[in-house]
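> Below are the sequence and a predicted model; questions follow.
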Amino acid sequence: MKNQFFYTVKQTIAPGAPGRANTEPIEVMQIASFNMKKVIRSLELSDGTLVIILDDFHVEQRQSVNNNANGKPIVKMEPVTVQSEIILSKEDKERFMRVSAVHAVSLMDVETKATMESIH
């Protein structure tokens, strides 16, 4: 599995979830991975995290509710084409950029460059 990138996911487990007797939500850290050859785009967010978009288009069924002519709600399952979006923490982003040899310009650098160009 040379092409897999492993990262950390923080998940909140709701009170009363199956198999849990907790009354308060709890946060757990889990390890997840994705195939680096499926990455088609990434975007650094202002909080320093990185959104990774994968080339894994697939169809999911989504519930849609509309009212008929009599005002009665009609529930339908409709197919929707989606792709995976993964958000990497700042630490995982830095490791991903090193491993994938991506030399990206941070948002701060872009803003600084634009400011410097407007001064000159």
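It's in.
> What's the per-residue pLDDT of the closest residue to residue 56 other than its chain neighbours here?
Nearest residue to residue 56 in three dimensions, chain neighbours excluded: residue 84, at 5.2 Å (CB to CB, 6 or more residues apart in numbering). C-beta coordinates here come from the backbone N, C-alpha and C atoms, glycine included. Turning to residue 84, the model gives it a pLDDT of 91.
> ok, now which ones touch residue 3?
Listed by CB atoms under 8 Å, 6 or more residues apart in numbering, the contact set of residue 3 reads 35-37.
> Also residue 34?
Counted by CB under 8 Å, 6+ apart, residue 34 has contacts 4-5, 7, 52, 54, 84, 86.
> So it belongs to a strand, correct?
Yes. Under DSSP: H, G, I helix; E, B strand; the rest coil, residue 34 falls within a strand.
> Strands along this structure, start to end?
Listed in chain order, the strands of the chain (DSSP state E) span 4-13, 26-35, 39-44, 50-54, 58-67, 73-82, 85-88.
> Those strands: which one's closest to residue 99?
Closest to residue 99 of these, according to CB to CB: strand 4-13, at 6.5 Å.
> now the angle from that closest one to strand 39-44?
Angle, strand 4-13 to strand 39-44, by axes from the mean of the first three to the mean of the last three CA atoms, to 10 degrees: 60 degrees.
> any chance of the strands of the chain in a markdown table, plus distance to residue 96?
Shown next, in a markdown table, are the strands of the chain (distance: least, CB to CB, whole Å):
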| stretch | distance to residue 96 |
| --- | --- |
| strand 4-13 | 6 |
| strand 26-35 | 10 |
| strand 39-44 | 8 |
| strand 50-54 | 7 |
| strand 58-67 | 23 |
| strand 73-82 | 22 |
| strand 85-88 | 6 |
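> wait, which of those is closest to residue 97?
strand 50-54 (8.0 Å).
> mind listing what's buried in that closest one?
50, 52, 54 (16 or more other CB atoms under 10 Å).
> Same check on stretch 3-12?
For stretch 3-12, by 16+ other CB under 10 Å, it's 5, 7.
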